[in-house]
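[1] here is a sequence together with a model predicted from it:
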Amino acid sequence: MSSRPPTATAPPAKGKPVTLSTLASKKALGEPIAMVTAYDHPSAQVADAADVDVVLVGDSAAMTVLGYPSTVPVSVDEMLMLTAAVRRGLERPLLVGDLPFGSYEATDEQAIATAQRFVKEAGCDAVKIERGGSSIARARAITGAGIPVMGHVGLTPQTAVALGGYRSQGRTADRALELAWDALELERAGCFSIVLEAIPSAVTELLVPRLGVPVIGIGAGPATDGQVLVFHDLLGIYDGHAARFVKRYTAVRDQMIAGVTAYVVDVRDRNYPGPEHGYEMAPDERDRFADLLAARVNAHNPT
């Protein structure tokens, strides 16, 4: 965690809603793109107030919010519920929804149908899919149906087991060429942006100039067009393992525990609630209520 507190300056005034053209312009002008994940309405409001450009409702919600051991078990319906909540909290940022494992890989028809649900039911501006390979065809099908797609290569959590676990990718020339080719093919398939996760900075430096779409990095070094971090990681809310690339800007979980602990102590010591936390009643109304209550109780419990 950073030893310095976050700078206590207000973010700039929010501008117009972010569109795909906005992101393309930022890339062309060399203006970095700030992207975070969010999984609920309050988090979305925080991201919006902080002037974030893109909000991803990532399938990482499976672990950070829903308590699953990996991203694999999360369902489409669970992701739609979370994404719709985020949509209600956003005004400016572009909203991207992660298509969960098993919801798009089988056929183009399945991929289009799932993507359409994220747009119609949750209000997404775009969807994200992982990997190259067959996902390239799925990206082409979804974009062909009029829905913007963000690609994702490198460490792809949905298939982390097949990749040898949660570890960096592309550390050999041959493997770096494979993921670079996947990224290039995803762009050719119509993706408006590509996420590069957990790959060597040197690979990013060589690959990004060859991609015409905005490249968002997470553990991919500073040469990308933007960066993304998980909301619960950067704020120190999630208590699980933090990847090497995570920078924690504050320790919200510690503050939450301290706050709830103080409440528990107050309750057990009968320091809460105090007089200032209650509501007043006129003395004559209190006396009248006491008489009415006594009469009602006596009427139902005759001696």
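    That came through, no problem.
[2] near Thr172, how many other residues are there?
    10 (other CB atoms under 10 Å). Bear in mind the C-beta positions are built from the backbone N, C-alpha and C, glycine included.
[3] what about it, distance to Pro273?
    According to CB to CB, to the nearest Å, Thr172 stands 63 Å off from Pro273.
[4] can you check His152 too?
    From His152 to Pro273 the distance is 49 Å (CB to CB).
[5] can you check Leu80 too?
    Applying CB to CB, the value for Leu80 to Pro273 is 39 Å.
[6] list the contacts for the residue nearest the centre of the chain?
    Centroid check for the chain by CA atoms, centre = their mean gives Thr37 as the closest residue, at 2.1 Å. For Thr37, the contacting residues are Val55, Leu56, Val57, Gly58, Ser60, Ala61, Val228, Leu229, Val230, Phe231, His232, by CB atoms under 8 Å, 6 or more residues apart in numbering.
[7] tally of neighbours for the second one?
    Spelled out, it's Leu56. Leu56, neighbours per other CB under 10 Å, totals 28.
[8] so it: helix, strand or coil?
    strand (DSSP: H, G, I helix; E, B strand; the rest coil).
[9] that one contacts Val228, doesn't it?
    Yes: using CB atoms under 8 Å, Leu56 is in contact with Val228, at 6.5 Å.
[10] what residues are shared contacts of these two?
    With CB under 8 Å, 6+ apart as the test, Leu56 and Val228 both reach Met35, Val36, Thr37.
[11] now name the helix or strand holding the first one.
    By that I understand Met35. Using DSSP states H and E, Met35 maps to strand 33-37.
[12] partner strands of that strand and their direction?
    strand 54-57 (parallel), strand 226-229 (parallel) (DSSP bridges).
[13] CSV for those, including distance to His277?
    Putting these into CSV (distance: least, CB to CB, whole Å) gives the following:
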stretch, distance to His277
strand 54-57, 36
strand 226-229, 38
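[14] tabulate those (a markdown table), appending distance to Gly89 and mean pLDDT.
    Below are the strands paired with strand 33-37 laid out as a markdown table (distance: least, CB to CB, whole Å; pLDDT from 0 to 100):
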| stretch | distance to Gly89 | mean pLDDT |
| --- | --- | --- |
| strand 54-57 | 9 | 98 |
| strand 226-229 | 18 | 96 |
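[15] how about those, which one is nearest Arg296?
    Among those, strand 54-57 comes nearest to Arg296, with 52.8 Å by CB to CB.
[16] neighbouring contacts of the closest one?
    Contacts of strand 54-57 (CB under 8 Å, 6+ apart): 18, 23, 33-39, 44, 47-48, 79, 82-83, 86, 90, 93-98, 122, 124, 128, 150, 216, 226, 228.
[17] for the helix or strand that contains Ala262, what is the distance to the chain centroid?
    Ala262 is part of helix 252-268, with elements assigned from DSSP H and E. The chain centroid and the centroid of helix 252-268 are separated by 26 Å, computed with CA atoms, centre = their mean, to the nearest Å.
[18] what sits up against the following helix or strand past it?
    Following helix 252-268 in sequence order, the next helix or strand is helix 283-300 (DSSP H and E). Residues outside helix 283-300 that contact it (CB under 8 Å, 6+ apart) are Met281.
[19] number of residues surrounding Ala113?
    15.
[20] then Ile237?
    Going by other CB under 10 Å, the residues that sit close to Ile237 add up to 20.
[21] who touches it in this structure?
    Applying CB under 8 Å, 6+ apart, the residues contacting Ile237 are Thr64, Phe231, Val252, Arg253, Met256.
[22] need phi/psi at the residue nearest to the first one when sequence neighbours are not counted.
    For Thr64, the nearest residue in space outside its immediate sequence neighbours is His232; the separation is 4.4 Å by CB to CB, 6 or more residues apart in numbering. Dihedral angles of His232 (phi, psi; degrees, to the nearest 10) stand at phi -70, psi -20.
[23] my guess is His232 meets Tyr238, correct?
    Yes: in this structure His232 lies within contact range of Tyr238 using CB under 8 Å: 3.8 Å.
[24] who touches both of those two?
    Joint contacts of His232 and Tyr238 (CB under 8 Å, 6+ apart) are Thr64.
[25] okay, the two: which has more neighbours?
    More neighbours surround His232 than the other of His232 and Tyr238, with 24 against 20 (other CB under 10 Å).
[26] the strands in the stretch 1-150 of the chain, which residues?
    33-37, 54-57, 94-98, 126-128, 149-154 (DSSP state E, counting those that start in this stretch).
[27] nearest to Ala282, out of those?
    strand 54-57 (49.8 Å).
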